[in-house]
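[1] structure, please.
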Amino acid sequence: MRNFLKISTIFLIVIVGVVYYILNSPYRMHRVEQFFNPTLQQLPSLRARIITEDNVTLAYSEYVYHLSFLGGVYNTQDFQKILDSINTVKKIDTASAMKCYFRNTNKEYKIVLYGFDEKSVKQIETVFHQENIKLQYAFKLSGERRVYPYDNTLTPLLGYNKKLIDKTTNYTYLSGVQGLEKSYNDILADTPLVKAQDIHLSIDFKKQRVLEKELDELKALYDAKEVISVVLDTDTFYIKAFASSNRYNPKSIKREEYANLNIHALQYLFKLDEFATLVKDILYLNAKNPKYEIYADLELTESSKIDLPNERVYNNNNDINGFENFKVNLMQLLRAYSPFYSQGYIGNPKVVITQSTDKKPLISQELAQTFRKKANLFFESMPGRRVNIEFKDVNVTAAIYMKGYQENQHNYMQVFFTIDKPKKEDTSL
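    Residues are numbered from 1 along each chain as shown. Now for the predicted structure:
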C-alpha cells in the first residue's frame, strides 16, 4: 500500500511538473491576442466599397494586423528560422524584423512585422503548426487599409486616402483626400448618425479600360503631356467613362506622380474664345424666345455641378458682350455644349448614380440638331480646337475635340482634352 502511495505521489509530481513546464515554457505555441485589440471596445466598421455600373469593385477595405514576439527568448538562428517560415507566406523585410526584435533583451512583446491581412495570418499559423515551430507570438488588429484591385484604373477620378490614427486605441483608419474618396467620404465611412455605405458609379468598367488604353496611345501619338477624355450619356447625364493618360496607383503613389493627383478636367481654366460662338447663338435665342431662361441654365459663372471635389471656377461676370473672355474648365464647357448632343436638354453631370442630374429642356430638338451640325463642322477632327491653359501663372496650349454618337440606343457625347508639353522653361504643370 505504501509503495502504491509513493508511486502515485511521484507520478502526480511528474504530471504537475510537466504541466507547469508546458504553461511556462517560452517556446510553447502561444498566441496572446487573436484578431483583437484590447483597447477597442468593438470592431470598427470598414470603409465601404466603390463599385462600377457593371458591378466591378474598384476599391474596398480590409483589416490589417501586426505581429509581435516575446523578447529575450530566441537566439539569432532560431528567430531567423521563424522569419524564413513567414517568408514562405508573404515576402517580408527580415533584416528589419531582426533589428526590431534584438534591439533590446527585455522580456516583453515586440512588434516586428506589420501589414498582414486575415488570410496571411491564417496561412502563417498553418505554417507554424505544420513545421512544429514552438514560439510565443501575438497578432494584433492595427487598423484598415484600402485595396485597389485594378491598380490605376479610374484615377485620378477615384482619388486616394490618408491614414489617421486614433490616439486612444492606436487604430489606423482612412479619410478621403481627393476624387470620389473625398467627395463621398461621409458615405464611405461611418459617421455618428449613419453607417458606411457602398457607392455605385455610372462608370462602365469595360468602356473605361478601353478608353484609358486609347488615351495612352494618343498621348504617344501627339507627344502630349496628358490626354483626358469624358464620355457622357446625354439621355441621363450620367458619366460612363472619365479617363486620363496620367494615372497613378493609389496604393503606392510615386513622387513623380504627384502632378497627376488632381483632376485636371476640373482644374485647368481657359478662355472660351472661339468656343463662345455656338454658345452665344443659344444665348441670343433667348431674346427672341423668352420661353427658356437660357443664360441662367448655362450657368457658366458657376461650377459644372459634377459630384467631384476641388473644381476651379473663375469669377466670370454676367456681361455676354465679353463672353469670349469667360474662363471655364473642361467640365463647364462640356455642360454648356451638352444641349447640342442631347436633343436640346441640359443637366448636371454625375458619376454616382444615386445623385440627381436635374435634366431639363433648354432648346428645341430641331435647334439641337442644327447646332450639332455646326459643332461637327467647328471641331472637324482630332486633336481639335486649340486653347491656352492658365494654371499656376504658366500658359500652356491644349486642344479640345467633341463628338456625339449613338450606341445601344443611347446618345453620348465625348470630349477629348489634349494638353501639350510645357516649354522647357515652364515646369510648373
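
[2] of all the residues in stretch 224-241, which ones are buried?
    Residues of stretch 224-241 classed as buried: 224-234, 236-241 (neighbour count, 16 or more other C-beta atoms under 10 Å). Yep, even glycine has a C-beta here, placed from its N, CA and C like the rest.

[3] got the domain ranges for this protein?
    Per automatic domain parsing, the domain ranges recorded for the chain read 30-149, 205-419.

[4] list the beta-bridge partners for Ser61.
    When bridges are taken as DSSP bridges, the partners of Ser61 come out as Arg146.

[5] check the one 5 residues further on too.
    When assigned by DSSP bridges, His66 has beta-bridge partners Lys140.

[6] just the pLDDT at it, thanks.
    Among the per-residue scores, His66 holds a pLDDT of 94.

[7] so who does it touch?
    The neighbours of His66, taking C-beta atoms under 8 Å, 6 or more residues apart in numbering as the test, are Ile111, Leu113, Tyr114, Gly115, Phe116, Phe139, Lys140, Ser142.

[8] again, 6 Å this time
    Contact analysis of His66 by C-beta atoms under 6 Å, 6 or more residues apart in numbering lists Ile111, Tyr114, Lys140, Ser142.

[9] by contact count, what packs against the helix or strand containing the first one?
    If you go by DSSP states H and E, Ile111 is part of strand 109-116. With contacts taken as 3 or more C-beta pairs under 6 Å, 6 or more residues apart in numbering; DSSP states H and E, strand 109-116 sits against strand 57-70, helix 94-101.

[10] what strands flank that strand, and is each parallel or antiparallel?
    Listed by DSSP bridges, the sheet partners of strand 109-116 and their directions read strand 57-70 (antiparallel).

[11] next secondary structure after the partner strand?
    Using DSSP H and E, the helix or strand that follows strand 57-70 towards the C-terminus is helix 76-87.

[12] please export the C-alpha coordinates of that following helix as CSV.
    Output of helix 76-87 as CSV, limited to C-alpha atoms (Å, rounded to 0.1, in the frame of the first residue of the first chain):
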residue,chain,number,x,y,z
THR,A,76,19.5,34.8,-33.9
GLN,A,77,19.5,31.4,-35.5
ASP,A,78,16.1,30.3,-34.1
PHE,A,79,14.5,33.7,-34.9
GLN,A,80,15.8,33.5,-38.5
LYS,A,81,14.1,30.2,-39.0
ILE,A,82,10.8,31.7,-37.8
LEU,A,83,11.2,34.6,-40.2
ASP,A,84,12.0,32.2,-43.1
SER,A,85,8.7,30.4,-42.4
ILE,A,86,6.8,33.6,-42.5
ASN,A,87,8.6,34.5,-45.8
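
[13] what packs against it?
    With contacts defined as 3+ C-beta pairs under 6 Å, 6+ apart, the secondary structure elements packing on helix 76-87 are helix 94-101.

[14] which residues touch the helix it packs on?
    Phe79, Leu83, Lys110, Val112, Leu113.

[15] make it 7 Å
    Applying C-beta atoms under 7 Å, 6 or more residues apart in numbering, the external contacts of helix 94-101 come out as Phe69, Gly71, Phe79, Leu83, Asn87, Lys110, Ile111, Val112, Leu113.

[16] repeat for stretch 232-240
    Contacts with stretch 232-240, where a contact means C-beta under 7 Å, 6+ apart, come from 202-204, 207, 230-231, 334, 338, 341-342, 347-351, 353, 357, 359, 410-413.

[17] circling back: what's in contact with the next helix or strand along the chain from the strand holding Ile111?
    Helices and strands here follow DSSP H and E; after strand 109-116, the next one along the chain is helix 118-130. Helix 118-130 has contacts (C-beta under 7 Å, 6+ apart) with Met29, Tyr63, Tyr65, Ser85, Ile86, Thr88, Val89, Lys90, Phe139.

[18] list the residues that contact the fifth one.
    Translated: Ile86. Ile92, Ile124.

[19] for stretch 79-99, how far is the first residue from the last?
    The stretch stretch 79-99 measures 11 Å between its terminal residues, going by C-alpha to C-alpha, to the nearest Å.

[20] pull out the buried residues from it.
    By 16+ other C-beta under 10 Å, the buried positions in stretch 79-99 come out as Phe79, Ile82, Leu83, Ser85, Ile86, Val89, Ile92, Thr94, Ala97.

[21] so how far is it from its chain's centroid?
    Taking the mean of its C-alpha atoms, stretch 79-99 sits 31 Å from the chain's own mean (C-alpha atoms, centre = their mean, to the nearest Å).

[22] just stretch 50-68 next, same as before
    Centroid displacement of stretch 50-68 relative to its chain, using C-alpha atoms, centre = their mean, is 11 Å.

[23] using PDB, write out every CA atom in it.
    Once side chains and other backbone atoms are set aside, the C-alpha atoms of stretch 50-68 remain, and they are given as PDB (Å, rounded to 0.1, in the frame of the first residue of the first chain):
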ATOM      1  CA  ILE A  50     -16.700  51.800 -54.700                       C
ATOM      2  CA  ILE A  51     -18.500  49.800 -57.400                       C
ATOM      3  CA  THR A  52     -19.000  50.400 -61.100                       C
ATOM      4  CA  GLU A  53     -22.200  50.200 -63.000                       C
ATOM      5  CA  ASP A  54     -21.300  46.700 -64.300                       C
ATOM      6  CA  ASN A  55     -20.600  45.500 -60.700                       C
ATOM      7  CA  VAL A  56     -16.800  45.700 -60.600                       C
ATOM      8  CA  THR A  57     -15.300  46.700 -57.300                       C
ATOM      9  CA  LEU A  58     -12.700  49.300 -57.800                       C
ATOM     10  CA  ALA A  59     -11.900  49.900 -54.100                       C
ATOM     11  CA  TYR A  60     -12.600  48.100 -50.800                       C
ATOM     12  CA  SER A  61     -11.000  48.000 -47.300                       C
ATOM     13  CA  GLU A  62      -9.700  45.200 -45.200                       C
ATOM     14  CA  TYR A  63      -8.400  44.800 -41.600                       C
ATOM     15  CA  VAL A  64      -4.600  44.600 -41.100                       C
ATOM     16  CA  TYR A  65      -2.600  43.100 -38.200                       C
ATOM     17  CA  HIS A  66       0.900  43.500 -36.800                       C
ATOM     18  CA  LEU A  67       2.900  40.600 -35.400                       C
ATOM     19  CA  SER A  68       4.700  40.700 -32.100                       C
END
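
[24] nice, that's everything, thank you.
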